[in-house]
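Peer 1: could you look at this predicted model? Sequence included:
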Amino acid sequence: MKSLVTISLLSLVMISTAQVDRWQQRAEYEMNINMVEENHQYNGDMELTYYNNSPEALDRVFFHLYFNAFRPGSMMDVRSLNIEDPDPRVGDRISNLTPDEEGWIRVSELTMGGQPCEFIEEGTILAVTLPKTIQSGAKAKFSMKWDAQVPLQVRRSGWNNSEGIEFSMTQWYPKMCEYDFEGWHANPYIGREFHGVWSDFNVNITMGGKYMIGGTGELQNPKDVGYTNDDLTQRVAPRGRVTWEFEAENVIDFAWAADPDYISSMAKLDNGTKLYFIHQDDVEINDNWRELEKFMVDGFEFMNEKFGEYPYSQYTFIQGGDGGMEYPMTTLITGNRSLKSLVSVSVHEAAHSWYQGVLATNEALYEWMDEGFTSFATSATMRKLFGDNGLPTHHYSYQGYLNIVREGKEEALSTHADHYNTNYAYGTAAYSKGQVLLAQLGYIIGEENRNQGLLTYFDTWKFKHPNSNDFKRIMELQSGMELDWYFEYFENTTHTIDYSISQVLGKDGKVQVTLSRVGIMPMPVDVSVTYQDGSTETYTIPLRIMRGSKSADEGFTVAEDWPWTNPEYILTLDKHIKEIASIEIDSARGMADVDRSNNIFELQEGTEFIWKH
């Protein structure tokens, strides 16, 4: 096999000139919201312009009514009551909500082009039959009126969270479901993961002047709501009711939070991006939130360099929610944490801006492409901010994945996010195995290729909802290797990786190392040899189906291919057995090998010719 020392010129041209023409639907929201704070309710009206950029004509549309999940007997409630390991933030709490604590959205009027639409509420989905077909390439204007009750905070959304934040307004409005090349995605809200239409938002929120609001978009009327400086850090709360006017362009959602005890601060990146920090004025947390500012400036600068340029004008960290949850241009996090915990959750939710906010893969189908890639970015960024803790960068994700494999509870990454048998299996797949998939890709194609591929992936697919194959093709073009086998095994199966050194034989002044594939999943294998004089050499054994390998320029001696059908492989070292001190498979810990006890050979005193595991 010929080693791929450099990427071919053709591959470079293909990457640099890649044109992605996948169509995207589009929407423009103009909303007026009047909060009735004492009842935890609001009423809203909306003008929604919907652009049908698909090649199909549409005679129906769907809206998400997420608040309807927070009613006793909802699908989210029933799922939580019946799954073996319910999310402790939900448990049986929905079942116990009283009528004035439950959530709901009730649409009273809906027209398209002035003509009434037929609609029916189906739990958390509003199914709409249109009075007229929206032809391919056409647009339609919907007008809607609705009332809503904000639930007592249970999952991401609601009033009075555990830290006393009055309103965490997420998944809070009738939101158009996404229609893409795979069809409609009118998924009921069971507990996790979202998909959205690229949209522009003009949102006017009217409520008591004592409340400070932060969220998605740019505030258009800071003086009207009491701000006395351009940094939005000094505010005199007006008396009476005021209207906050927000605008956001090209985002997939709009979230906000409000509390009378909020204070705010602001920091800027070198490129002018503004980072806002909104939290309760509390002596127990104020110092940590002030420290957070510098960490997040450094974190954003690092992520801009490593993963692509954050494209929006601002990002806001808000104390609210039930842990941490990402939204376009903002996150809601619990704020009463140690400094490192506060930085960690902030880095993680901000990193979602790349993989959920900008690339916006359909999380229900490819949750690992958001949570896993975000976790990868989080680990790298935290290492940059806090230094090396003596463990490999992605150590904990590998351990999480290996733990569930050993417990026999793993489910394939290709499982729909709502259909895992356990929350444990979902969490490990989405966060840990998704991160391992990306980290291990560096082991296969080389970390430089993987890292450059991530930048190309972001630049090529931003604002286009990429899927797994789109990501794979970027990495194939970057590396010049075929990677079908890797994604087919690691995404679609639960087959595991296990390689062993089964025999070391000294013969005719050379050493024959017999390697065995114990697990089902094939992988390229790196073998490190340490000699008695302390020198080392690392061989990389490519899989034949890769059609390439990491290069000698990366410090590897490239050996002959290993056909994946062959259970064994003999690596011949041009050394005498007594020159060998040790031989180890994957000494860098880049491969998710489920049993490392069979990965190493050490020459013991008295060993002359043969060693068997």
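Peer 2: Noted; the coordinates are in hand.

Peer 1: what ranges of this structure fall below the confidence cut-off?
Peer 2: Scanning the chain for pLDDT under 70 picks out the ranges 1-19, 605-613.

Peer 1: so what's residue 173 up against?
Peer 2: Counting by CB atoms under 8 Å, 6 or more residues apart in numbering, residue 173 touches 31, 33, 44, 46, 105, 148, 254. No exception for glycine: its C-beta is placed from N, CA and C like everyone else's.

Peer 1: next one: residue 450 from residue 458, what distance?
Peer 2: 13 Å (CB to CB, to the nearest Å).

Peer 1: narrow the contacts of residue 173 to those in strands?
Peer 2: 31, 33, 44, 46, 105, 148 (DSSP state E).

Peer 1: so residue 172 sits against residue 66, correct?
Peer 2: Yes - with contact defined as CB atoms under 8 Å, residue 172 counts as touching residue 66 (7.1 Å).

Peer 1: which residues in the stretch 351-500 of the chain form strands?
Peer 2: Per DSSP state E, counting those that start in this stretch, the stretch 351-500 of the chain carries strands over the ranges 499-507.

Peer 1: quick one on the thing from earlier: overlap of the contact sets of residue 172 and residue 66?
Peer 2: Listed as contacting both residue 172 and residue 66 by CB under 8 Å, 6+ apart are residue 157.

Peer 1: contacting residues around the residue nearest to residue 429 when sequence neighbours are not counted?
Peer 2: Nearest residue to residue 429, sequence neighbours excluded (CB to CB, 6 or more residues apart in numbering): residue 413, at 5.3 Å. Residues near residue 413 by CB under 8 Å, 6+ apart: 368, 429, 433, 434, 437, 490, 491, 492.

Peer 1: what distance do you get for the fifth one to residue 375?
Peer 2: The one in question is residue 437. When residue 437 is compared with residue 375 (using CB to CB), they lie 11 Å apart.

Peer 1: over to the last one?
Peer 2: Applying CB to CB, the value for residue 492 to residue 375 is 21 Å.

Peer 1: between the two, which one's more packed in?
Peer 2: Shown here are residue 492 and residue 375; by other CB atoms under 10 Å, residue 375 has more neighbours (26 against 13).

Peer 1: report the separation between the nearest residue to the more buried one once chain neighbours are set aside and residue 420.
Peer 2: Spatial nearest neighbour of residue 375, excluding adjacent residues (CB to CB, 6+ apart): residue 435 at 4.2 Å. From residue 435 across to residue 420, the span is 17 Å (CB to CB).

Peer 1: again, but for residue 211
Peer 2: Residue 211 sits 38 Å away from residue 420, going by CB to CB.

Peer 1: okay, helices next: where are they in this structure?
Peer 2: Assignment of helices within the chain using DSSP state H yields the ranges 9-16, 75-82, 286-307, 339-352, 367-386, 395-407, 423-427, 434-445, 447-461, 468-479, 484-492.

Peer 1: any chance of those helices in a markdown table, with distance to residue 197 too?
Peer 2: Output for the helices of the chain, formatted as a markdown table (distance: least, CB to CB, whole Å):
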| stretch | distance to residue 197 |
| --- | --- |
| helix 9-16 | 28 |
| helix 75-82 | 23 |
| helix 286-307 | 24 |
| helix 339-352 | 18 |
| helix 367-386 | 17 |
| helix 395-407 | 32 |
| helix 423-427 | 25 |
| helix 434-445 | 24 |
| helix 447-461 | 17 |
| helix 468-479 | 19 |
| helix 484-492 | 26 |
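
Peer 1: which one of these lies closest to residue 595?
Peer 2: Between residue 595 and the helices of the chain, the tightest spacing by CB to CB is seen for helix 395-407, at 9.4 Å.

Peer 1: just want the angle from that closest one to helix 434-445.
Peer 2: Angle of helix 395-407 versus helix 434-445, following axes from the mean of the first three to the mean of the last three CA atoms, to 10 degrees, is 100 degrees.

Peer 1: if we can go back for a sec, make a markdown table from the contacts of residue 413 and add distance to residue 347 to it.
Peer 2: Compiled in a markdown table, the contacts of residue 413 are given as follows (distance: CB to CB, whole Å):
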| residue | distance to residue 347 |
| --- | --- |
| 368 | 19 |
| 429 | 22 |
| 433 | 20 |
| 434 | 17 |
| 437 | 20 |
| 490 | 26 |
| 491 | 26 |
| 492 | 30 |
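
Peer 1: just the buried ones from those, in ChimeraX syntax?
Peer 2: Command for ChimeraX that selects the buried part of the contacts of residue 413, burial taken from 16 or more other CB atoms under 10 Å:
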select :368,429,433,434,437,490,491
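
Peer 1: now, which of the contacts of residue 413 sits nearest residue 473?
Peer 2: Of the contacts of residue 413, the one sitting nearest to residue 473 (CB to CB) turns out to be residue 491, at 14.2 Å.

Peer 1: so the closest one is in contact with residue 437, correct?
Peer 2: Yes - contact criterion CB under 8 Å: residue 491 and residue 437 qualify, at 7.3 Å.

Peer 1: run through the residues that contact the residue minimising distance to the centre of the chain.
Peer 2: Compute the mean C-alpha point of the chain, and by CA atoms, centre = their mean the closest residue is residue 370, 2.1 Å away. Neighbouring residues of residue 370 by CB under 8 Å, 6+ apart: 193, 352, 355, 356, 361, 363, 430.

Peer 1: nearest spatial neighbour of the fourth one, skipping sequence neighbours?
Peer 2: The spatially closest residue to residue 356, leaving aside those adjacent along the chain, is residue 370, at 4.7 Å (CB to CB, 6+ apart).

Peer 1: what of the fifth one?
Peer 2: What sits nearest to residue 361 in space, not counting adjacent residues and going by CB to CB, 6+ apart, is residue 369, at 4.5 Å.

Peer 1: how many residues are close by the one you found?
Peer 2: Under the neighbour criterion other CB under 10 Å, residue 369 is assigned a count of 26.

Peer 1: contacts only, for it.
Peer 2: Residue 369 sits next to 355, 359, 361, 363, 434, 466, 467, 468, 471 when contact means CB under 8 Å, 6+ apart.

Peer 1: correct me if wrong: the first one contacts residue 377.
Peer 2: Which is residue 355. Yes - using CB under 8 Å, residue 355 is in contact with residue 377, at 7.5 Å.
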